[in-house]
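1. quick one, fold the following:
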Amino acid sequence: MDCGAQFNAKYFGFSCDHVERELFFRTQWCQSRTIFVLYRLFIWCYQIAWLIAYYIDVAQTSPERLSVGYRYLTRWGYIINVVYFTLAFVQSLIGFIKRNKKMVFKESRLMLILRSVVWMLHSVGQSVSLLIVVLFWVFLSPASRSPPTPVTAFTIDTHGINFLLYLVEIITVAFPMRLLHAIYPIIFGLLYVLASVLMHVTGDISAIYPLLNWANAPGQSAGVGIAAAVGGGVVGHSMMFGLYRLRVFISNRCWPNSTATVGLRASANAAYEVDV
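-> I've put the predicted structure just below:
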């Protein structure tokens, strides 16, 4: 399928054929589901460990921050990451168990919902993580503040490593991407902008960030918020989609007969009727 075919309206959704379904349980480069589920387990443990460590640290050093974390895009993005990697691990574990028990893989309604949620969160998380990295280090860098604030391990994790994990995902996992799934990070970004407006209206906080100040610069805040949500979703998702296409291209060239490559080639280059 060329990029032009990606603009078919059906690709806003999460339907796929039986070949693509199988690709949600393996890497692009290896057919072993054992290796894939161990990879998923490692990433999930990493996310949970840092989440627990963060809340322990904040509870001891700045407990007042626990009640205001909902204000910040970084916290929203981190929650998306934790939920995504948790559900992705569950999905891979189910696929591993089914294969080891030699069960006939027939997708249930629950598995369809799980796959759709994982797919959507994958699209949202990668774009939002990239947006957080750019906005933080360009506009909100600790070094640019007065007085400068120290860069901690938690700062690097939430504003850097989380995005690197999505880059690893793009390179590693076998399941496909849809260009039109850019709509989901856009919706997520607009929901955050709406939430910031509600925080202002209810008297919670008006200036979450210097460029998002609804009390003093509502026009600027609306423009920056919408531009960041739409632009970040489109540009971020398009970049990740480009990396996905590069992954498929390299796999086609280097491992043309691997199961994952054959599956992706079938879904990417052949016309088929999508299952619901």
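2. how are the helices of the chain distributed by residue range?
-> Assigned by DSSP state H, the chain shows helices spanning 18-22, 33-61, 73-100, 109-139, 153-156, 162-172, 183-201, 218-254, 259-269.
3. nearest to residue 67, out of those helices?
-> Comparing the helices of the chain by their distance to residue 67 (Cβ to Cβ), the top pick is helix 33-61, with 10.4 Å. C-beta: built from backbone N, CA, C; applies to glycine.
4. what's the average pLDDT for the closest one?
-> Per-residue pLDDT over helix 33-61 has a mean of 92.
5. same thing with stretch 180-196?
-> For stretch 180-196, mean pLDDT rounds to 96.
6. any idea how far the residue minimising distance to the centre of the chain lies from residue 63?
-> Geometric centre of the chain, nearest residue: residue 125, 2.0 Å, by Cα atoms, centre = their mean. Computed as Cβ to Cβ, to the nearest Å, the residue 125 to residue 63 distance reads 28 Å.
7. and what of residue 47?
-> From residue 47 over to residue 63 the distance is 23 Å, taken as Cβ to Cβ.
8. so between these two, which is more surrounded?
-> More crowded of residue 47 and residue 63, by other Cβ atoms under 10 Å: residue 47, with 21 against 9.
9. residues contacting that one?
-> If you count contacts by Cβ atoms under 8 Å, 6 or more residues apart in numbering, residue 47 has them with 81, 82, 85, 86.
10. let's see if you can find the most crowded of those.
-> The residue in those with the most neighbours, by other Cβ under 10 Å, is residue 85 (27 neighbours).
11. surely that one and residue 44 touch.
-> Yes. Between residue 85 and residue 44 there is a contact at 5.1 Å, judged by Cβ atoms under 8 Å.
12. where in the stretch 151-276 of the chain is pLDDT low?
-> Applying pLDDT under 70 to the stretch 151-276 of the chain flags residues 255-276.
13. got the buried residues for stretch 75-85?
-> Neighbour counts over stretch 75-85 (16 or more other Cβ atoms under 10 Å) mark 76, 77, 78, 80, 81, 82, 83, 84, 85 as buried.
14. need the residues you listed in TSV (columns: pLDDT).
-> Below are the buried residues of stretch 75-85 laid out as TSV (pLDDT from 0 to 100):
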residue	pLDDT
76	95
77	94
78	94
80	96
81	95
82	95
83	97
84	97
85	97
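15. quick check, nearest of those to residue 51?
-> Checking the buried residues of stretch 75-85 against residue 51 with Cβ to Cβ, the nearest one is residue 82 at 5.8 Å.
16. export the helices of the chain to TSV and tack on distance to residue 210?
-> Formatted as TSV, these follow (distance: least, Cβ to Cβ, whole Å):
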stretch	distance to residue 210
helix 18-22	43
helix 33-61	23
helix 73-100	13
helix 109-139	7
helix 153-156	18
helix 162-172	22
helix 183-201	13
helix 218-254	10
helix 259-269	43
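17. in the buried residues of stretch 75-85, find the pair that's most separated.
-> 76 and 85 (15.5 Å).
18. re earlier: which of the buried residues of stretch 75-85 sits closest to residue 219?
-> residue 76 (23.8 Å).
19. verify the contact between that closest one and residue 192 for me.
-> Yes. Counting by Cβ under 8 Å, residue 76 does reach residue 192; the two are 6.0 Å apart.
20. looking at the helices of the chain, spot the one closest to residue 211.
-> Among the helices of the chain, the nearest to residue 211 by Cβ to Cβ is helix 218-254 (4.8 Å).
21. residue 229 and residue 20, how far apart?
-> On the measure of Cβ to Cβ, residue 229 and residue 20 end up 29 Å apart.
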